[in-house]
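>>> would you be able to build a 3D model of this:
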Amino acid sequence: FAVGALPTMSLLRRPTLARALTGAVAMTLPLALSAQILQKAPGAPTTLTPAQQDARAIYKEMVEINTVDSVGSVTKAAQAVAARFKAAGFPAGDIHLVGPASAPAKQNLIVRYRGKGRGKPILLLAHLDVVAALRSDWPRDPFAMTEQDGYFLGRGVADDKSMAAILAANVLRYKKEGWVPERDLILALTADEEGGGDNGVSWLIANHRDLIDAEYAINEGGGGTLQNDKPLFHSIQAAEKVYNDFTLTVLNTGGHSSVPRKDNAIYSLANALARIEKYTFPVELNDVTRPFFEQTAKVEMPSLATAMKALVANPTDTAAARIISTDPRYASMLRTTCVATRLSAGHANNALPQTASANVNCRIAPTSSGSQVMAALETAIGDATVKVTGSREDRKDGAPGAINATLLQATTQLTNKMFGGVPVIPTMSTGATDGYRLRAVGIPTYGVSGIFSSPGETNAHGRDEKLRVKSFYDGLDFLYELVKQVAGPNAGKPIS
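Now for the predicted structure:
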């Protein structure tokens with residue numbers, strides 16, 4: 001997942017932005033944009049610097065190695081990158097290819113760039129695996145990186161091989177230039193973030209915590225948003241909602257359909273789902289969403305901006321919450337949300353159903369727990385014949401905290417310098433990254449990249465996944481400077 005802070009896409013509802021993207025189409029999910037005509041993106045450099053050439057070569061190599069779960073090999077990509085670090089003179093003891101012995105195609109690469117030992121390391125995290133891409137669905141080979149009309153195209157160019165290539169290229173550049181950080185930098189390129197049974201971050205936490213232990217991590221999940229090809233705001237992802245599926249099940253003795261009864265399993269399930277549809281969870285602001293709404297109010301249309309300010313001042317302001325909730329993206333930032341996603345019932349057309357079940361997918365505010373949400377669903381349903389079961393244990397990462405002050409300061413100063421002083425907005429993702437796994441074990445994780453895009457255009461996970469060429473190189477420069485700032489001797493000082 002690297003679609004930035006999805007909730008901020010709702011800024012497109014402002015009239016000036018909506019006109020630019022033809023109304024409601026601008027608000028559809030990225031997959032619905034897969035067939036759009038590719039419009040030329042401006043700003044791609046015509047001549048590359050040596051650092052840009054090196055980064056592009058790594059990027060291309062990564063994209064052209066198939067790392068799809070079950071049919072590809074993350075290990076092959078990790079080995080290719082490891083070879084570059086070996087050739088650059090990194091000690092063999094600082095390059096680790098590790099992972100479960102039962103999954104030889106899902107090994108993770110960990111590289112440590114030694115600093116002066118003045119502080120705990122900073123972890124630079126990206127995942128190498130990608131979602132599936134069928135050649136028959138694409139107008140070109142999805143595993144051959146193409147540059148066209150100011151875009152890079154190919155599976156993983158946005159999610160997440162751009163970040164992986166940038167981080168790897170920059171660490172190699174630091175070594176080449178002889179720059180030594182005050183603290184160690186740890187590069188982790190991992191497997192199975194998108195799915196699969198061998199998530200690299202979880203495996204490393206359980207088996208090699210020492211290789212990735214850090215003061216904090218820089219990860220995917222943030223990034224910048226463009227309006228009319230110009231930066232509008234830059235987000236730092238500092239929290240994520242909790243994913244949990246709940247199964248609603250109704251059991252019945254059934255019988256012949258010619259003799260219907262009132263205790264019908266399908267009707268009971270339908271009534272339960274209708275009650276969930278009508279139920280609204282309470283507003284839950286935290287140390288990330290509170291400043292999110294404060295900052296977003298500065299760039300929103302007046303009615304929403306006023307409501308955002310009012311809600312931050314008083315989270316029990318139901319009128320303000322109602323106004324904000326008219327936008328589905330913002331509504332998902334306010335509270336826990338649950339929605340029915342799958343149904344199954346009956347065993348024969350001429351028989352009363354013996355079983356009816358539904359999946360209800362919830363994205364839980366990080367200040368709540370799965371057990372609390374399950375209790376709320378049971379109360380909302382109010383029918384003891386409907387059994388509710390959860391799919392996961394309660395997550396242990398706790399309530400979000402404030403963003404690391406040094407990182408926030410450096411991000412803000414670099415954003416001012418490189419992107420014209422647009423707002424830096426803390427965000428809580430409604431989707432998921434591996435960041436939550438690290439937060440759960442006490443490693444704060446922040447999504448920040450300096451990679452800008454127009455909402456929906458990357459089409460991550462969809463056909464014709466793309467990333468602006470200019471955005472890739474801007475992200476390369478931004479993260480190069482950001483890491484030098486937070487890991488160098490001038491951490492916390494103004495950037496000239």
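>>> give me the helices and strands touching the helix ranked longest in the chain, please.
As assigned by DSSP state H, the longest helix anywhere in the chain is helix 469-487. Packing partners of helix 469-487 (3 or more CB pairs under 8 Å, 6 or more residues apart in numbering; DSSP states H and E): helix 50-63, strand 122-127, strand 151-153, helix 161-177, strand 216-219, helix 405-419, strand 452-453. Just so you know, the C-beta spots here come from the backbone N, C-alpha and C atoms, and that holds for glycine as well.
>>> let me know the next secondary structure element after the helix or strand harbouring residue 374.
Taking DSSP states H and E as the criterion, residue 374 maps to helix 370-381. Downstream of helix 370-381, the first helix or strand assigned by DSSP H and E is strand 386-390.
>>> okay, buried residues for that next one please.
Buried residues in strand 386-390, counted by 16 or more other CB atoms under 10 Å: 386, 388, 390.
>>> please identify which of those is nearest to residue 125.
Closest approach between those and residue 125, by CB to CB: residue 390, at 27.9 Å.
>>> ok now do that closest one, which residues does it touch?
Neighbour list for residue 390: 244-246, 370-371, 374 [criterion: CB atoms under 8 Å, 6 or more residues apart in numbering].
>>> if we can go back for a sec, what mean pLDDT does the longest helix of the chain have?
Mean per-residue pLDDT for helix 469-487: 98.
>>> quick revisit: want to throw the helices and strands packed on helix 469-487 into TSV with distance to residue 356, mean neighbour count and mean pLDDT?
Putting these into TSV (distance: least, CB to CB, whole Å; neighbours: other CB atoms under 10 Å; pLDDT from 0 to 100) gives the following:
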stretch	distance to residue 356	mean neighbour count	mean pLDDT
helix 50-63	45	19	98
strand 122-127	38	26	98
strand 151-153	44	25	98
helix 161-177	43	23	98
strand 216-219	41	24	98
helix 405-419	49	19	97
strand 452-453	42	24	96
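>>> can you put those in a markdown table and add distance to residue 192?
Shown next, in a markdown table, are the helices and strands packed on helix 469-487 (distance: least, CB to CB, whole Å):
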| stretch | distance to residue 192 |
| --- | --- |
| helix 50-63 | 16 |
| strand 122-127 | 8 |
| strand 151-153 | 24 |
| helix 161-177 | 14 |
| strand 216-219 | 15 |
| helix 405-419 | 27 |
| strand 452-453 | 25 |
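>>> closest one to residue 325 among the ones you listed?
Nearest of the helices and strands packed on helix 469-487 (CB to CB): strand 452-453, 26.2 Å.
>>> hang on, the earlier thing: ok, of the contacts of residue 390, which come out buried?
Buried among these by 16+ other CB under 10 Å: 244-246, 370, 374.
>>> residue 298: which of the helices and strands packed on helix 469-487 is closest?
Using CB to CB, the nearest of those to residue 298 is helix 405-419, at 13.8 Å.
>>> can you give me the angle that closest one makes with strand 122-127?
Interaxial angle of helix 405-419 relative to strand 122-127 (axes from the mean of the first three to the mean of the last three CA atoms, to 10 degrees): 60 degrees.
>>> helices and strands around helix 405-419, which ones?
strand 230-240, strand 424-429, helix 469-487.
>>> redo these as a markdown table? Include distance to residue 72 and mean neighbour count.
Formatted as a markdown table, the helices and strands packed on helix 405-419 follow (distance: least, CB to CB, whole Å; neighbours: other CB atoms under 10 Å):
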| stretch | distance to residue 72 | mean neighbour count |
| --- | --- | --- |
| strand 230-240 | 26 | 25 |
| strand 424-429 | 25 | 26 |
| helix 469-487 | 22 | 22 |
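>>> out of the ones you listed, which comes closest to residue 57?
Per CB to CB, nearest to residue 57 of those: helix 469-487, 12.4 Å.
>>> could you give the angle of that closest one to helix 405-419?
Using the same axes, to 10 degrees: helix 469-487 against helix 405-419 is 140 degrees.
>>> and the average pLDDT for stretch 326-337 is what?
pLDDT averaged over stretch 326-337 gives 92.
>>> which parts of it are buried?
By 16+ other CB under 10 Å, the buried positions in stretch 326-337 come out as 327, 329-337.
>>> contact partners for the residue nearest to residue 381 when sequence neighbours are not counted?
In space, residue 381 comes closest to residue 272 once its chain neighbours are excluded; the distance is 4.4 Å by CB to CB, 6 or more residues apart in numbering. Residue 272 sits next to 248, 250, 358, 381, 383, 386 when contact means CB under 8 Å, 6+ apart.
>>> only the buried subset of those, as a ChimeraX command please.
Applying 16+ other CB under 10 Å to those, the buried members can be selected in ChimeraX as follows:
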select :248,250,358,381,386
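>>> how about the contacts of residue 272, which pair is most distant?
Taking CB to CB as the measure, those have their most distant pair in 358 and 383, spaced 13.2 Å apart.
>>> what sits against residue 422?
224, 231-234, 415.
>>> which of the three states applies to it?
coil (DSSP: H, G, I helix; E, B strand; the rest coil).
>>> end to end, how far does stretch 218-230 reach?
Start-to-end span of stretch 218-230 (CA to CA, to the nearest Å) is 25 Å.
>>> repeat that for stretch 194-201.
OK, stretch 194-201 end separation, CA to CA: 12 Å.
>>> could you do stretch 39-58 as well?
Stretch 39-58: ends 26 Å apart by CA to CA.
>>> quick one: contacts of that stretch?
So stretch 39-58 is in contact with 81, 84, 147, 149-151, 165-166, 168-170, 172-173, 229, 468-470, 472-473, 476, 480, going by CB under 8 Å, 6+ apart.
>>> that older thread, return the member of the contacts of residue 390 nearest to residue 143.
The closest of the contacts of residue 390, once distances to residue 143 are taken by CB to CB, is residue 245, at 31.2 Å.
>>> residue 258: neighbour count?
By other CB atoms under 10 Å, 8 other residues sit near residue 258.
>>> could you pull up phi and psi at it?
In this entry, residue 258 is assigned phi and psi values of phi -80, psi -10 (degrees, to the nearest 10).
>>> next up, the contacts around it.
residue 350.
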